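> Okay, sequence plus prediction incoming.
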Amino acid sequence: MPTHPHSGSTYVLGLGANLGDRFASLRQACLLLDASEDLRVVAESPVYETDPVGPPQPRYLNAAIRVETTRSPESLLDLALATEARMGRDRRESVRWGPRIIDIDLLYAFHKTLSSPRLQLPHAHLLERSFALAPLLDVAPELRECFGDTLAQLGGTPKTHAPTLRGARED
């Protein structure tokens, strides 16, 4: 059983999938991340079904998880990318904004901003995408005052697919 940190930094990660058993992919990503000895999932959003951004492709399931970790933002990004690879995603073969079995994005870091060639926090497109912003606000309701109006301008909260990652399986 992993030993989870008692303190550290808090982040929100966005999860998305539109290939295969989308719900199972989101759930597996959450479980794999939570199994890391230096990270623990402390909240999870409902799962939303959303239209894709980019080329024609199947609809996405999206969710967010709030995590506590002792990792740096860059190390957390490395863990997210390693988890994607472990689940079968090959970013070298990916089309930008194309279909994927799993996508894990660092959306937000509490008490920290970052802009580097590898990583921007908050996520560069967070305020443009209701499929990222709605689940973020579910797991970080304290940010609703800052970002709630932006979500409304984006069309509001997408349709809920399942109450949480532990909810009903995909149809």
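Right, received. Where do you want to start?
> would you list every one of the strands in this structure?
Ranges of strands within the chain are 9-17, 39-44, 47-50, 60-69, 103-109, 114-115, 120-121, 160-162, based on DSSP state E.
> CSV for the ones you listed, including distance to residue 152?
Where C-beta positions appear, they are placed from N, C-alpha and C, glycine not excepted. As requested, the strands of the chain are exported to CSV (distance: least, C-beta to C-beta, whole Å):
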stretch, distance to residue 152
strand 9-17, 19
strand 39-44, 22
strand 47-50, 16
strand 60-69, 18
strand 103-109, 18
strand 114-115, 27
strand 120-121, 23
strand 160-162, 17
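> Any chance of these in TSV with distance to residue 141 and mean neighbour count as columns?
Output for those, formatted as TSV (distance: least, C-beta to C-beta, whole Å; neighbours: other C-beta atoms under 10 Å):
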stretch	distance to residue 141	mean neighbour count
strand 9-17	11	25
strand 39-44	10	19
strand 47-50	16	22
strand 60-69	10	25
strand 103-109	13	23
strand 114-115	23	12
strand 120-121	19	18
strand 160-162	16	19
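> May I see those arranged in a markdown table, with distance to residue 27 and mean pLDDT as well?
Formatted as a markdown table, the entries for these read as follows, by distance: least, C-beta to C-beta, whole Å; pLDDT from 0 to 100:
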| stretch | distance to residue 27 | mean pLDDT |
| --- | --- | --- |
| strand 9-17 | 9 | 96 |
| strand 39-44 | 10 | 95 |
| strand 47-50 | 9 | 93 |
| strand 60-69 | 9 | 96 |
| strand 103-109 | 13 | 95 |
| strand 114-115 | 28 | 88 |
| strand 120-121 | 25 | 90 |
| strand 160-162 | 10 | 81 |
